[in-house]
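Undergrad: Got a sequence here, can you model it:
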Amino acid sequence: MSKGLVRSGPDLFSFKSAKHRAEKFLMPQKDFKKNILCIGAGYVGGPTMTIIANKCSDYKITVVDISKERIAAWNSNELPIFEPGLKDRLLKVRGKNLFFSNDIDTSIDQADIIFVCVNTPIKKFGEGAGKAVDLQFIEQTARRIKENSKSNKIIVEKSTLPVRAAATLENILHSGNEKVRFEILSNPEFMAEGTAVRDMEFPDRVLIGSKDTPAGLAARQELVDLYLHWVPKENLITTNLWSSELSKLVSNGFLAQRISSINSIATLCEVTEADVTEVSKAVGKDSRIGPKFLNAGPGFGGSCFRKDILNLVYLCEHYQLNEVASFWEQVVSLNDYQMEHYVRRILQAMFNTLAGKKLAVFGFAFKPNTGDTRDSPAIYICKRLLEEKAYLRITDPQALKNARNDLQDLENLEFVEDPYKAAEGVHGIALITDWAEYSKLDFQEIFDKMEKPAFIFDGRNQLNRLALFDIGFNVYSVGKAPLTHF
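TA: Sure thing, here's the model as predicted:
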């Protein structure tokens, strides 16, 4: 922003022109303190705005999206995403101070604060393909905001963006129009799917980055005041824009690194007859390390980990920090190795051939308590098992719709809601997602209806392996020596 556009004083971000006040006076509903707009009604936008609406009844919240189908779902009783506790909270505020709409342009014009929650996938073409973030949706959103804004606005980056992306937004928003001022804030989301409601209601921290100018600091205070409705002041962290943008990438990088680290040790445990669960417990007792994200599995998934690490790699390569880039790229390489290792262990255990054999896949979501399958290890694992000519029956409490989309046009598979039916007549079970329901199943009943010898590959160390072995299963748990009847 040019210095000529920076002002100080109490009217810095008043936003309330005489016309705007008159419009609000004529509105039949409550006279809200501010109008908040969220562009993007996905996994971030919908839950985030639902919690804000619950906590800030004096703010009007509108969520918009180009997808008519998605907005219709948010306005129905069948929400487009599953998240524990979300529907109850949404029904308390929908139609009161939370609204879902496809009228993007009008909503932009009326908004005081705009949260940008659009998709930022990895580029699949051109410069940086496979690593860099594709910013085309961010740019399209910025141009649309500029075209439809008649009053000053605060723009909040909620989507995960590369460092210094705010400068790109600012350049677009301020090109050719100096009558309307925009202040860019970075407010990355730290919600984990499956616990998103709790993460928003009781956040470890809320991070807000701004420019260190009078206008930037005033805009930041607007967002601080919003969160102070329910977040303790000591949990609010303020930084400059670039630190906030980078902190999101680094947080996901560190979490993914822990997963890849323990998975690398799991493979070592399998050949040395050490137990990765015991190793993890011992390591996690060190207060300098802690126990979280030290559970071995078939690999990490979700929409953020791989994407954010590859973006970090691309940034390091861009600045010619090649050794740093190689370090973070290895985290992703180890995750790819772990998924392939899981498949090879199934293949080797089942006499080096899966041709004509049936396998039940327990869990397709990338983690329990969500229907999200983006970058789920199950996608890669199932495709590899199908390449080996196995026949798959896939079951999951919430993710079967997405699983069908992920594996569309593939043959030799079916989708079955009931795990007992999915396991009938199969040679083996591959447990990929640790839904709580699976530990409560009657595995004696399941074993009795399976082909023999019966195998179970517990990719999450969720089940009682000794009990399974006593039933008659050949048990292969991640990071543990197998228990077999051979």
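Undergrad: C-alpha from now on. contacts and neighbour counts both.
TA: Will do.
Undergrad: so what's Asn295 up against?
TA: If a contact means Cα atoms under 8 Å, 6 or more residues apart in numbering, then Asn295 has 259, 262, 277, 280, 460 as its contacts.
Undergrad: Now do the same for it: helix, strand or coil?
TA: Taken by DSSP: H, G, I helix; E, B strand; the rest coil, the conformation at Asn295 corresponds to coil.
Undergrad: For Glu183, see how far away it is.
TA: If you measure Asn295 against Glu183 using Cα to Cα, to the nearest Å, the figure is 42 Å.
Undergrad: Just give me the neighbour total for Asn464.
TA: The number of residues packed around Asn464, counting by other Cα atoms under 10 Å, is 12.
Undergrad: From Ile381, how far out is it?
TA: For Asn464, the distance to Ile381 under the criterion Cα to Cα works out to 23 Å.
Undergrad: just the helices in the stretch 1-150 of the chain please.
TA: 18-26, 45-55, 68-74, 86-93, 104-110, 136-147 (DSSP state H, counting those that start in this stretch).
Undergrad: could I get those helices as JSON lines with mean pLDDT?
TA: Below are the helices of the stretch 1-150 of the chain laid out as JSON lines (pLDDT from 0 to 100):
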{"stretch": "helix 18-26", "mean pLDDT": "37"}
{"stretch": "helix 45-55", "mean pLDDT": "97"}
{"stretch": "helix 68-74", "mean pLDDT": "97"}
{"stretch": "helix 86-93", "mean pLDDT": "97"}
{"stretch": "helix 104-110", "mean pLDDT": "97"}
{"stretch": "helix 136-147", "mean pLDDT": "93"}
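Undergrad: avg pLDDT for whichever strand or helix holds Glu278?
TA: Assigned by DSSP states H and E, Glu278 belongs to helix 276-284. Averaged across helix 276-284, pLDDT comes to 97.
Undergrad: Could I get the buried residue list for the very next helix or strand once past that helix?
TA: Using DSSP H and E, the helix or strand that follows helix 276-284 towards the C-terminus is helix 305-318. Within helix 305-318, the residues that qualify as buried are 305-316, counting by 16 or more other Cα atoms under 10 Å.
Undergrad: Show me the shaky parts of the stretch 51-200 of the chain.
TA: Applying pLDDT under 70 to the stretch 51-200 of the chain flags the ranges 177.
Undergrad: where exactly do the strands run in the stretch 101-250 of the chain?
TA: Applying DSSP state E, counting those that start in this stretch to the stretch 101-250 of the chain gives strands spanning 113-116, 153-157, 182-186, 206-210, 236-240.
Undergrad: how's the protein carved up into domains?
TA: Domain ranges of the chain: 3-231, 244-486, per automatic domain parsing.
Undergrad: any chance of those domains in a markdown table, with distance to Thr238 too?
TA: Formatted as a markdown table, the domains of the chain follow (distance: least, Cα to Cα, whole Å):
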| stretch | distance to Thr238 |
| --- | --- |
| domain 3-231 | 5 |
| domain 244-486 | 8 |
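Undergrad: Thanks again, I'm all set now.
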